[in-house]
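Novice: A predicted structure for the sequence below; I have some questions about it.
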Amino acid sequence: MGIGTTRSFADVDEGTQIEVLVAGATYDAEGRFGPAVELELEVLKPVAHAGSTILSTFGLSQPRLSKVRDLRADGFDDEAIAAALKNKNFEFEGIDEPETPKLGGALLRIVKACYGGDARAVKKLLDECDSFGELADALVGRRVVATTRKDKNDYTRIDRKGEFYRVMADSSAAQNGGEAAAPAPEEDFDDIPF
């Protein structure tokens with residue numbers, strides 16, 4: 001089973017495009033900033049960083065509760081927060097009442113890239129998943145191309161604001177249920193720009 005960690009073990013320059021394999025994915029309903037999915041990403045390319053691990057957490061969308069957290073952090077009281085929420089057309093009985101999380105943002109872009117940008121495949125996946133835990137499990141074994149960033153502690157993470165791309169060539173057939181072509185020798189990949 002091993003011992004979990006909250007740090008990344010990769011040391012990849014910020015702004016590097018990398019191909020990663022989703023080696024693990026965990027849904028956390030009570031994350032630090034709300035519900036989130038943590039991805040354990042194994043770097044495949046560039047070869048110089050192959051085998052390194054990057055941990056990145058992607059929050060689920062809860063617009064009202066996110067707004068409440070932000071306004072509280074800015075020092076607003078509950079009455080002022082309620083007024084601000086009403087002004088933004090949020091419907092609620094209590095400002096802290098539960099809000100159903102939704103898939104969006106960077107995590108949705110990752111899901112799309114993992115499924116080759118195929119809207120039908122993504123829709124089918126989302127129709128088949130009854131929970132975010134199942135969605136996290138469905139990402140394990142998938143590949144995606146992403147861009148790195150460094151966090152405030154100088155750990156390598158995935159840039160949530162960047163683009164995510166499907167993996168081309170040999171692995172795309174395998175991800176779509178077909179047989180993958182035999183991979184080219186590893187040295188052939190060294191010159192492929194991402």
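Specialist: Done, it's in.

Novice: Pretty sure V145 is one of the things V167 touches, is it not?
Specialist: Yes: in terms of Cβ atoms under 8 Å, V167 counts as a neighbour of V145; the distance is 6.1 Å. C-beta: built from backbone N, CA, C; applies to glycine.

Novice: Quick check: phi and psi at the residue most central in space within the chain.
Specialist: By Cα atoms, centre = their mean, the chain has its centre lying nearest to L107, at 3.9 Å. Note on L107: backbone dihedrals following degrees, to the nearest 10 are phi -60, psi -40.

Novice: Can you show me the strands along this structure?
Specialist: In the chain, the strands defined using DSSP state E lie at 17-28, 36-45, 53-59, 143-150, 156-158.

Novice: and among those strands, the most buried is which?
Specialist: strand 156-158 (a mean of 23; mean count of other Cβ atoms under 10 Å).

Novice: Tell me which other helices or strands that one touches.
Specialist: Applying 3 or more Cβ pairs under 8 Å, 6 or more residues apart in numbering; DSSP states H and E, we find strand 156-158 packed against strand 53-59, strand 143-150.

Novice: hmm, who's touching the first one?
Specialist: By that I understand strand 53-59. 5-10, 12, 20, 23, 28, 31, 33-43, 105-107, 110, 148, 156-158, 160 (Cβ atoms under 8 Å, 6 or more residues apart in numbering).

Novice: So for D74, what's the pLDDT?
Specialist: According to the prediction, D74 has pLDDT 94.

Novice: got it, and K152?
Specialist: pLDDT at K152 comes out at 89.

Novice: how near is it to E19?
Specialist: 26 Å (Cβ to Cβ, to the nearest Å).

Novice: Check G116 too.
Specialist: For G116 relative to E19 (Cβ to Cβ), the value is 14 Å.

Novice: give the contact list for E99.
Specialist: E99 neighbours (Cβ under 8 Å, 6+ apart): 62-65.
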